[in-house]
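Trainee: just a sequence and a predicted model for now, questions to come.
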Amino acid sequence: MTALTQVMVSTHKDRPQVLVLGERVAPGLVITPGVDGAGRYGGGWLLTHVATGHAVLGCATCLYCARRAAATLIGIDWTRAGADLAGDEQVRAAVQGEAARIVRDCNAWTCEIPDGC
């Protein structure tokens, strides 16, 4: 069973955060729906740092690929402050490496999602 949690997410630097439900993938890291400043679903899924509400990767993806990308980031301590994570070269390399490739290569219309997902 998937553990859901409420999380405040940032939608735009000049807008207040929006409360959404997210799927916990690691302490401090959740998969959240992409939403606009009014809280309307905008399509796709994001990996979100709980403490800041900021998306870890720059773009939304399908749920299957969000889970795959999250799996590559499990070993990182996401409970750390956002500034600490942003300044950590190992975190940057992990986020910009395999996780980013998975999201970049995703095409939700043609993604090879396995049965049962």
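Mentor: Now that the structure is in, tell me what you want to look at.
Trainee: which residues does the residue nearest in space to the middle of the chain bridge with?
Mentor: Central residue check for the chain by CA atoms, centre = their mean: the C-alpha nearest the mean position is that of Leu47, 0.4 Å away. With DSSP bridges applied, Leu47 shows beta-bridge pairing to Ile31.
Trainee: mind checking pLDDT for it?
Mentor: We note a pLDDT of 96 for Leu47 in this prediction.
Trainee: hmm, Gly34 and it touching each other?
Mentor: No. Taking CB atoms under 8 Å as the definition, Leu47 is not a contact partner of Gly34, at 11.0 Å. The way it works is simple: take the backbone N, C-alpha and C, and place the C-beta from them, glycine included.
Trainee: give me the phi and psi angles of Ala94.
Mentor: When read as degrees, to the nearest 10, the backbone of Ala94 gives phi -70, psi -50.
Trainee: contacts only, for it.
Mentor: Counting by CB atoms under 8 Å, 6 or more residues apart in numbering, Ala94 touches 72-73, 75-76.
Trainee: now do 6 Å
Mentor: Under the criterion of CB atoms under 6 Å, 6 or more residues apart in numbering, the contact partners of Ala94 comprise Leu73.
Trainee: now the helices for the chain?
Mentor: In order along the chain, the chain carries the following helices (DSSP state H): 63-71, 82-86, 89-94, 100-105.
Trainee: please work out which of those is packed deepest.
Mentor: Using mean count of other CB atoms under 10 Å, the stretch among the helices of the chain with the largest mean neighbour count is helix 63-71, at a mean of 20.
Trainee: what's in contact with that helix?
Mentor: By CB under 6 Å, 6+ apart, the surrounding residues in contact with helix 63-71 are 25, 31, 45, 47, 99, 102-103, 106, 113, 117.
Trainee: swap in stretch 81-88?
Mentor: 52, 91.
Trainee: how distant is it from the center of its chain?
Mentor: Between the centre of stretch 81-88 and the centre of its chain there are 16 Å (CA atoms, centre = their mean, to the nearest Å).
Trainee: perfect, I'm done here.
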